[in-house]
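>>> For reference, the sequence and a predicted model appear below.
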Amino acid sequence: MIMSNDIVYDIAIIGGGISSSVFASTHLKNGFKGRIAIIENGRNLGGRSSTRNSFKNSGWQLNHGSPNLNICNTSKNLLLKTYIQELLDLNMIQLDSSDLIELYGESSNQCKLNYDFHSCQNYISSSSMSDLSKKIISYNNLKNQVDYYFQTLIYKLNYENNVWILTSKNGNKFKTKFLVCSSNLILHKRSLDILNISQIPLRKAIPVNYDKKIDKIIKLLYDQEYIERLTFLIYTKSNYGYKDKYKKKFRYFLLDNFLEEKFKFERIIFQKQVNNKLGIVLHTRNIKFINEYFQSNNKQKFKNSLLDKFNQIFDKNFCINKLIDYQDISIMSWRASQPSGIRIPENLQVCENFNLAFCGDWFDLDGFGRIEGAILSALNLSYKIISLS
C-alpha cells in the first residue's frame, strides 16, 4: 500500500464497488492521464457484488452479495448495451443459465415471483464477483494509475483551497483535486450511527446554502430508505451434495412472501466450489431476525436453529439433501445497503463548484437499486466529467 499523506491525487473515489470499478476503468479508457485512489472499507473490491475469500476456510470463494448481473436496459441505452457486450467479448462475464427455482408456501397462489435480482437477462462473472471488479479496472489500468486503499473507512471530509482532504478512521489522510463518491454513506443520515459522528460528513464539509445541488442531494438522501441485509454463509463438508446430478456453478432458490415470512429468508443460493464442495448463502432482510442474531448470547444455538429452518424449507425437495452437519457457518453484515424509495435525479450527479461527483445504484436510472443502475451511473459520470477532472 502506498502511503497517501504525501500524494495529491487527481481523483479519489470513496467506495470500491462495481460502480467505482466501472467508473475508474471507463475514465482511463476515455483518456484520463492522472492518478486515481480507490478507498474501500472492505478487504477487496466488489461492494454489494463481493466475494468472501475465507481466511478460516481456505479454498472457498462465496459470492455473498449480488451473485450475478441482471440487465434489463428498458431504455435501450447504447452505452450500457455496448459495455455489457464488451465484458462478454473479453470473457469477463457470461450468460447465466443456472437453475432458478421458485419456492411457494401452502397459502400462496403461486403466481410468478417479481424478483429484481433475477429479472431480464442474467450474467455471471467468469471468475468471482470481486475478481470481476479487479479485472474491469486492470483492463484499462495499463499505466498503473490506480492505487488501492482497503480496510480504510472515511469518516471526515474537508474542502480547502480547491482540494479535498479525506480522513479515515485509521488516521490516514488523502488529498485529491476531484472527489467521486460511489458510496452514499458520507451523504446519508445512517452515517451518523455507522461512523459514530454528530453530523453527516459532506454536510459538515459543505455547509447549507454553499451549493444548491449538494443541499438538494443531501435533503433527498435523508428520506431515501435502504434495505438492510444479513447473509449466512454455510461451508459444507465434502460428503454433502445434491440429490440429482446438477453440474452448474450456481443454483438459485427464491422464497415467496409466505415462506419468507415463515423462515425469514428471501433467497438461498448454492455455489459449487473448485474443490467440488457446495457453499450455501442464505439471504435475509428480516430486521427482527437480523437483530435476533446480533442479540443472541448463544450463537451456536442460533446456528442450529438456522439449520432446522434450512431443512424445513427443503424437506422432501427433489434436488436438495438434508443438511446434517457442516464445516463452518459465518456471516456477512452489510454496510453497503440496497437503496429503495426515493431516487436521486441524474442531474445532481456532478457538483461542479466543489469538484465533486457521485455514482451508484441510488440514482434515478434504469436498474435503480441493482448492479445495472450502478454500472450505468458510472458510465454516464465519466463522460460528464471528462472536461472537469
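That came in fine, so what should we check first?
>>> List the pairing partners of the helix or strand bottoming out on mean pLDDT in the chain within its sheet, with orientation.
Here the helix or strand of the chain ranked lowest by mean pLDDT, DSSP states H and E is strand 51-53, holding a mean of 83. Strand 51-53 has its sheet partners listed here by DSSP bridges as strand 61-63 (antiparallel).
>>> quick one on the thing from earlier: other residues contacting the least confident helix or strand of the chain?
With contacts defined as Cβ atoms under 8 Å, 6 or more residues apart in numbering, strand 51-53 is touched by 44, 60-64, 128-131, 233, 330, 332. C-beta coordinates here come from the backbone N, C-alpha and C atoms, glycine included.
>>> Could you identify the most distant pair in the residues you listed?
Asp131 and Ser330 (20.1 Å; Cβ to Cβ).
>>> Just list the residues touching Glu225, thanks.
Glu225 neighbours (Cβ under 8 Å, 6+ apart): Pro339, Ser340, Gly341, Ile342.
>>> Just list whatever residues bridge to it.
Bridge pairing for Glu225 - DSSP bridges - gives Ser340.
>>> Please apply the same query to Ile280.
Here Ile280, judged by DSSP bridges, has bridge partners Ile234, Phe270.
>>> any idea how far it is from Ala205?
Counting by Cβ to Cβ, to the nearest Å, the gap from Ile280 to Ala205 is 43 Å.
>>> same question, Tyr383
26 Å.
>>> more neighbours, the two?
Per other Cβ atoms under 10 Å, whichever of Tyr383 and Ala205 has more neighbours is Ala205, with 22 against 12.
>>> wait, the more buried one sits on Tyr159?
Yes - the pair Ala205 and Tyr159 qualifies as a contact (Cβ atoms under 8 Å) at a distance of 5.4 Å.
>>> thought Asn184 was touching Leu221?
Yes - Asn184 is within contact range of Leu221, at 6.0 Å (criterion: Cβ under 8 Å).
>>> Who has more neighbours out of these two?
Asn184 (27 against 23).
>>> who's in contact with the more buried one?
Counted by Cβ under 8 Å, 6+ apart, Asn184 has contacts Leu221, Gln224, Pro339, Phe358, Gly360, Trp362.
>>> ok, 6 Å please
Trp362 (Cβ atoms under 6 Å, 6 or more residues apart in numbering).
>>> Backbone dihedrals for it, please?
phi -90, psi 10 (degrees, to the nearest 10).
>>> Begin at 161, not 1, for the rest of this chat.
Yep, numbering from 161; the last one is Asn344 now.
>>> That one and Glu385, how far apart?
Distance from Asn344 to Glu385, by Cβ to Cβ: 12 Å.
>>> again, but for Ser210
For Ser210 relative to Glu385 (Cβ to Cβ), the value is 22 Å.
>>> Nearest residue to Leu255 in space, please, no chain neighbours.
Once flanking residues are discounted, Leu255 sits nearest to Tyr283: 6.1 Å by Cβ to Cβ, 6 or more residues apart in numbering.
>>> element containing that neighbour?
Assigned by DSSP states H and E, Tyr283 falls within strand 281-285.
>>> mind listing what that strand pairs with, with the direction of each?
strand 229-231 (antiparallel), strand 253-255 (antiparallel).
>>> Of all these, which one comes closest to Ile354?
strand 229-231 (26.9 Å).
>>> which residues in the stretch 211-360 of the chain form helices?
Counting by DSSP state H, counting those that start in this stretch, the stretch 211-360 of the chain has helices at residues 238-249, 289-300, 351-354.
>>> Pick the most deeply packed of the ones you listed.
When these are scored by mean count of other Cβ atoms under 10 Å, the highest mean neighbour count falls to helix 289-300 (a mean of 22).
>>> And that helix, what does it pack against?
helix 178-189 (3 or more Cβ pairs under 6 Å, 6 or more residues apart in numbering; DSSP states H and E).
>>> Would you tell me what the next helix or strand after the helix it packs on is?
strand 196-199.
>>> Can I get that following strand in PDB, CA atoms only?
What follows is strand 196-199, C-alpha atoms only, in PDB (Å, rounded to 0.1, in the frame of the first residue of the first chain):
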ATOM      1  CA  ILE A 196      -6.700   7.700  -9.000                       C
ATOM      2  CA  ALA A 197      -7.200   6.500  -5.400                       C
ATOM      3  CA  ILE A 198      -9.900   3.900  -4.600                       C
ATOM      4  CA  ILE A 199     -10.600   3.900  -0.900                       C
END
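>>> Listing partners with orientation, what would you give for it?
strand 171-174 (parallel), strand 306-309 (parallel).
>>> returning to that earlier point: so which of the strands paired with strand 281-285 gets nearest Val340?
strand 229-231 (21.4 Å).
>>> Contacts for that closest one, please.
Residues contacting strand 229-231 (Cβ under 6 Å, 6+ apart): Ile244, Phe277, Ser279, Cys280, Gln281, Asn282, Tyr283, Ile531, Glu532.
>>> gap between that strand and the chain center?
Its chain's C-alpha centre and that of strand 229-231 lie 13 Å apart, by Cα atoms, centre = their mean, to the nearest Å.
>>> circling back to that earlier point, pull out the buried residues from the contacts of strand 229-231.
With burial judged by 16 or more other Cβ atoms under 10 Å, the buried subset of the contacts of strand 229-231 is Ile244, Phe277, Asn282, Tyr283, Ile531, Glu532.
>>> Tell me if the last one really is in a strand.
Looking back up the chat, that one is Glu532. No - counting by DSSP: H, G, I helix; E, B strand; the rest coil, Glu532 is not found in a strand; it is helix.
>>> pLDDT at it, what is it?
According to the prediction, Glu532 has pLDDT 95.
>>> show me what contacts it?
Ile231.
>>> Over to the fifth one?
For Ile531, the contacting residues are Ile178, Ser209, Ser226, Leu229, by Cβ under 6 Å, 6+ apart.
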